[in-house]
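K.L.:
would you be able to build a 3D model of this:
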Amino acid sequence: MIRSTPGIGVFVTEAPTAAFARLVRRDPPRRTPVLFDTVCVLGGSIAGLLAARVLADHSRELVIVERDHLEPAVSPRPGTPQDRQVHGLLPGGLAQLERWIPGITQDIRSLGGVVLTSQEVDMYVDGVEQLQSGDTSLLQCSRPLLESALRRRVLALPNVSALSAQATGLTYRDDAVSAVRYVTEGAEREMAVDFVVDAMGRASKLSDWLEQGGYTRPTLHRMQTGVHYATAMFDRSGTDLDLRFTGARFPMLPGPGGLSVGLITPIEDDQWMIGLTVYGDSQPPRTLEEFRSLCDKLPEPFGKAASGTVTREVLTFRQADSRRRDFTGLTRFPARVVSVGDAAISLNATYAQGMSSAALHASCLSEYLGGEPDLAAPAETYFSLQKTAMDAVWAVSAGADAARTEILQGIEVPDEVQRQRWKMGQLALASATDETVAEALKAVGYMFAHPDTLTDPALIERAVAVNRRVTAGG
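P.N.:
The predicted structure follows:
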């Protein structure tokens, strides 16, 4: 990425690994100047709430505009039908939540959330149990509980309020956003603002509004996934299972019933939440009988967890593709507007990156606002930082989805791509027995490190040597 030094105006090229390492740091921001009178965040999702938390330090008044009523109670929102499925908060994402909202982990624990150590996580890849390593905490709860806890803390800030309304457009003045148009109680209104955050999700209308205003429409990239999710919940009090997280992955070739991923997570109210994911032509289980039958074909904990009393029937959800919008290098773009979360990049939930990615966008926003930004110009520094974060998560999930599609469809890939995938295969194989390799992969998978860290020749050589010894029986 290109990064400017504040106050100097000299541009230097910064490696993505260095920029990413700065974004995932956990210390509070050094500078939080008040830059705005009124800020508007469009969308009260996790991405919107975290953006609001960051911007609360830089504004006198902040309004979250959300079409769903932002109730304090724990309940699914109509605008997020996917929140009934299993949601994973990666350890890197949890670290960012604690950075912006200290004590949020304890808040969620007090509401029934479960905190596990890395020694309480069992992972199976193609049926083979993986090495346990590291010392990392994982927070387990339902998406509605997590969002409720965040909402409670953010709306408690003295300069933050929520408005139940449907955003309908933007107004511009001097090549900058100057107002938000919205409809509430059947009446169309307008709010003068100094800065706007688009957190309207993967169906965001911002691109349309920009084009209508004479600005360049961001390029939309899609990666077809055809993912089907099925999730059910069971009483865990009567099951013969320790309090653990269990995952089963079939990275390339489908597992039983076309399965890609199976997850068992302990959540609030003494329940197991079990999520099953299938790709393509395979259909997810839709009845309890089908769900339990598929669980019985996975490692033993799945059958045991699904044998408990049902607390919520099977719910399914389909995601046709992953999406990202490219806001860098646009010919004409207004000042004082940015995009966060799914509005910028919507990922295959199989990789559990969505909420953690949104947390990184909050860090991008903080660095941009704390770096003496030129508010009369487009937020290029922010979008460049965000691109670093988006490139990192896109490489993991979209890269894996592309490889899966090419293998299943017999698509020929360039030699260089084959070499890169061979290296990743060596790392994945070695991670089952070597702690150093396993920790390097986890650092990327948990969103503590950039994927480029896995290209270190010494790490690849170690993985190859480990695999040779295992093959030779040494």
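K.L.:
domain parsing for this protein?
P.N.:
The chain resolves into domains spanning 2-81+147-222+326-398, 119-130+223-320, 412-472 when parsed by automatic domain parsing.
K.L.:
make CSV from those and add distance to Thr105 to it.
P.N.:
Where you see a C-beta, it was placed from the backbone N, CA and C, and this is true even at glycine. As requested, these are exported to CSV (distance: least, Cβ to Cβ, whole Å):
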stretch, distance to Thr105
domain 2-81+147-222+326-398, 9
domain 119-130+223-320, 14
domain 412-472, 15
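K.L.:
let me have the ones you listed in CSV, adding mean neighbour count and distance to Gly92 as columns.
P.N.:
As requested, the domains of the chain are exported to CSV (neighbours: other Cβ atoms under 10 Å; distance: least, Cβ to Cβ, whole Å):
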stretch, mean neighbour count, distance to Gly92
domain 2-81+147-222+326-398, 19, 6
domain 119-130+223-320, 18, 15
domain 412-472, 17, 3
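K.L.:
check this protein and tell me which residue is nearest its centre.
P.N.:
By Cα atoms, centre = their mean, the chain has its centre lying nearest to Gly354, at 1.6 Å.
K.L.:
now that residue: closest residue in space, sequence neighbours ignored.
P.N.:
Nearest residue to Gly354, sequence neighbours excluded (Cβ to Cβ, 6 or more residues apart in numbering): Leu347, at 5.5 Å.
K.L.:
would you confirm that the one you found contacts Met355?
P.N.:
No. Counting by Cβ atoms under 8 Å, Leu347 does not reach Met355; the two are 10.2 Å apart.
K.L.:
what are the ranges of the helices in the stretch 51-200 of the chain?
P.N.:
For the stretch 51-200 of the chain, applying DSSP state H, counting those that start in this stretch gives helices covering 91-100, 104-110, 143-155.
K.L.:
now the last one against helix 91-100, angle please.
P.N.:
Helix 143-155 and helix 91-100 meet at an angle of 20 degrees, taking axes from the mean of the first three to the mean of the last three Cα atoms, to 10 degrees as the criterion.
K.L.:
send the alpha carbons of helix 143-155 over as CSV?
P.N.:
Coordinates of the C-alpha atoms in helix 143-155 are reproduced here as CSV (Å, rounded to 0.1, in the frame of the first residue of the first chain):
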residue,chain,number,x,y,z
ARG,A,143,-24.6,-13.5,17.0
PRO,A,144,-27.7,-11.8,18.5
LEU,A,145,-26.1,-11.9,22.0
LEU,A,146,-22.8,-10.4,20.7
GLU,A,147,-24.5,-7.7,18.8
SER,A,148,-26.8,-6.9,21.8
ALA,A,149,-23.8,-6.5,24.1
LEU,A,150,-22.0,-4.2,21.6
ARG,A,151,-25.1,-2.2,21.0
ARG,A,152,-25.7,-1.7,24.7
ARG,A,153,-22.2,-0.4,25.3
VAL,A,154,-22.0,1.9,22.2
LEU,A,155,-25.5,3.4,22.7
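K.L.:
show me what it is packed up against.
P.N.:
helix 46-56, helix 104-110, strand 160-164 (3 or more Cβ pairs under 8 Å, 6 or more residues apart in numbering; DSSP states H and E).
K.L.:
go again using 10 Å as the cut-off
P.N.:
Packed against helix 143-155 by the contact rule (3 or more Cβ pairs under 10 Å, 6 or more residues apart in numbering; DSSP states H and E) you find helix 46-56, strand 59-66, helix 91-100, helix 104-110, strand 160-164, strand 259-267, helix 354-369.
K.L.:
quick one, which of these gets closest to Arg249.
P.N.:
strand 259-267 (5.4 Å; Cβ to Cβ).
K.L.:
angle of the closest one against helix 143-155?
P.N.:
For strand 259-267 against helix 143-155, the angle by the same axes, to 10 degrees is 60 degrees.
K.L.:
excluding chain neighbours, give the residue nearest to Arg244 in space.
P.N.:
Glu120 (4.9 Å).
K.L.:
distance check, that neighbour against Val86.
P.N.:
17 Å (Cβ to Cβ, to the nearest Å).
K.L.:
go on, Phe448?
P.N.:
22 Å.
K.L.:
turn the helices and strands packed on helix 143-155 into CSV, including mean pLDDT.
P.N.:
Shown next, in CSV, are the helices and strands packed on helix 143-155 (pLDDT from 0 to 100):
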stretch, mean pLDDT
helix 46-56, 97
strand 59-66, 97
helix 91-100, 95
helix 104-110, 96
strand 160-164, 96
strand 259-267, 94
helix 354-369, 96
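K.L.:
quick one: which of those is nearest Arg292?
P.N.:
Between the helices and strands packed on helix 143-155, strand 259-267 lies closest to Arg292; by Cβ to Cβ that is 12.5 Å.
K.L.:
that closest one: partners in the sheet, and parallel or antiparallel?
P.N.:
Sheet pairing here is set by DSSP bridges, and for strand 259-267 it gives strand 245-249 (antiparallel), strand 271-279 (antiparallel).
K.L.:
wouldn't Gln420 be in contact with Ala402 here?
P.N.:
No. Counting by Cβ atoms under 10 Å, Gln420 does not reach Ala402; the two are 11.6 Å apart.
K.L.:
which residues do these two both contact?
P.N.:
Common contact partners of Gln420 and Ala402 (Cβ atoms under 10 Å, 6 or more residues apart in numbering): Val413.
K.L.:
contacting residues around Ile460?
P.N.:
Ile460 is in contact with Trp422, Lys423, Met424, Gln426, Leu427, Ala430, Val437, Leu454, counting by Cβ under 10 Å, 6+ apart.
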